[in-house]
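Asker: generate coordinates for the sequence data below:
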Amino acid sequence: MALIETKDLWKTYVMGSEEIHALKGVSIEIQRGEYVAIMGPSGSGKSTLMNLIGCLDTPSKGTYLLNNKQASQMNDDELARIRNEEIGFVFQTFNLLPRASALHNVELPLVYAGVSSKDREARALQALTRVDLQDRKTHRPNELSGGQRQRVAIARALVNNPSILLADEPTGNLDSRTGEEIMALFAKLHQGGNTIVLVTHEADIAAHADRVIHIKDGQVEKDSRKAA
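Answerer: Predicted coordinates for the structure are as follows:
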């Protein structure tokens, strides 16, 4: 059973009298434990596909099954719940609370999930340890480097033990050396059993994944795997 399965996925936006097809019949399967990059130029539809996979949006047509749950038919409350339970998001801009410590930033998804404060702290510390930042737990984002901020964001994405880690241009705001460190961390998480879906327009970042799905003009142009 695929962890992520899309069948004939369409996303159409109506702009005045014009219809814009951001996705045109995308069908893909991603298995549990895979490390996949979704790649394409700006305007290719890769961000639209990421929003659908991440349950941030619903398709205009077609079906999307996440962990055998029919996400394409869900209402906003159900989508919010599945996002919190199944998906860990990592964004280009980190999206951290500026006045909160690293530990509190990592705890946030657990607050929404109704986890007790003692359990929250233990699990947040465990997540920070997985990204080698346990000694920075009391630091606020402005006291951390860009790479450390992205590590906090990755720890926050991991704290709920999600089915998939969904990373949108995770090295976009980092210099190349720090970007390589973050990609090394993703490789370590993948080896530890995490399913990772990475959205990028950079070929050298996509090359870290075992499989690259190329999106062009709202369709899958190519789907290639690394030679074993």
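
Asker: when you work out contacts or count neighbours from here on, use the C-alpha atoms and nothing else.
Answerer: OK.

Asker: and the longest helix for this structure?
Answerer: With secondary structure taken from DSSP state H, the chain has its longest helix at helix 176-191.

Asker: list the buried residues of it.
Answerer: Taking 16 or more other C-alpha atoms under 10 Å as the basis for neighbour counts, the residues of helix 176-191 that come out buried are 178-180, 182-183, 185-187, 189-190.

Asker: could you check how far residue 86 is from residue 194?
Answerer: In this structure, residue 86 lies at 12 Å from residue 194, with C-alpha to C-alpha, to the nearest Å as the measure.

Asker: now do the SS call for the spatially most central residue of the chain.
Answerer: The residue lying closest to the centre of the chain (C-alpha atoms, centre = their mean) is residue 166, at 1.3 Å. Using DSSP: H, G, I helix; E, B strand; the rest coil, the three-state assignment for residue 166 comes out as strand.

Asker: quick check, nearest of the buried residues of helix 176-191 to residue 150?
Answerer: residue 182 (7.7 Å; C-alpha to C-alpha).

Asker: related to what we said a few turns ago, for residue 86 and residue 194, indicate the residue with more neighbours.
Answerer: Taking residue 86 and residue 194 together and counting by other C-alpha atoms under 10 Å, residue 194 has the greater number of neighbours (21 against 17).

Asker: my read is that that one contacts residue 157, right?
Answerer: No: proximity of residue 194 to residue 157 does not meet the contact threshold set by C-alpha atoms under 8 Å, at 11.3 Å.

Asker: shared neighbours, the two?
Answerer: Taking C-alpha atoms under 8 Å, 6 or more residues apart in numbering as the contact rule, residue 194 and residue 157 both touch residue 165.
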